[in-house]
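A.B. asks: let me see the structure of the following:
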Amino acid sequence: MTDRNDYLNRIRTIEEFLYEEASYLDRPDLDKWIELYTEDGTYWMPATEDQEDPVNHISLFYDDRVMMEIRRRNFVHPRAASKDYTVRCSHIISNVRIEEESDGGLIVTSNFQCVMYYHDKQTLYAGRYRHELVDIDGQYKIRHKRVDLINCDGVHGSIIIYV
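C.D. replies: Coordinates of the predicted model:
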């Protein structure tokens with residue numbers, strides 16, 4: 001029974017971490033959000049279903065830490081176009097599962113829905129997250145996040161903030 005309880009406690013800890021990340025994106029607080037990533041962290045949103053890698057194929061996003069910092073600075077800059085209208089988001093995360101474990105970390109999958117309201121337009125994003133998490137000094141950090149939209153190959157307007 002303790003193995004089951006240990007697993008459930010780990011899942012709950014991971015869920016809280018994912019909820020914290022979603023909360024930072026909902027606000028949006030990109031300063032706190034970026035702190036959840038490792039220095040070599042990446043964020044990837046493939047442009048096609050079952051895309052194998054971000055290097056040999058076009059992606060909607062494939063940002064390393066430097067690009068995330070640039071987007072964050074541009075987003076909060078007083079003269080940024082994103083400041084013309086308030087960005088409001090609501091993320092819902094479910095079906096959190098540990099898919100793989102190793103000495104260096106774990107791979108977690110989950111389903112998500114995100115409703116974004118910006119410039120008098122509401123947009124729904126839905127799909128599956130894949131987080132590669134590492135434990136650094138007792139805290140989870142994101143080494144890699146993959147966002148598979150269910151309509152990744154559909155027509156998308158400008159995605160004003162990370163999903």
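
A.B. asks: which residues in the protein form strands?
C.D. replies: Secondary structure of the chain, counting by DSSP state E: strands at 37-46, 59-64, 88-102, 105-118, 121-136, 139-149.

A.B. asks: in the second one, what's buried?
C.D. replies: Read it as strand 59-64. By 16 or more other Cβ atoms under 10 Å, the buried positions in strand 59-64 come out as 59, 60, 61, 62, 63. Using the backbone N, CA and C atoms, a C-beta is placed for each residue, glycine as well.

A.B. asks: so who does the residue lying closest to residue 126 once chain neighbours are set aside touch?
C.D. replies: Closest residue to residue 126 apart from its sequence neighbours, by Cβ to Cβ, 6 or more residues apart in numbering: residue 113 at 4.6 Å. For residue 113, the contact set (Cβ atoms under 8 Å, 6 or more residues apart in numbering) comprises 91, 92, 124, 125, 126.

A.B. asks: neighbours around the nearest residue to the third one once chain neighbours are set aside, how many?
C.D. replies: Meaning residue 124. Distances taken as Cβ to Cβ, 6+ apart put residue 115 closest to residue 124, at 5.6 Å, once the chain neighbours are dropped. Other residues near residue 115 come to 15 when the count uses other Cβ atoms under 10 Å.

A.B. asks: before we move on, what about residue 43?
C.D. replies: 24.
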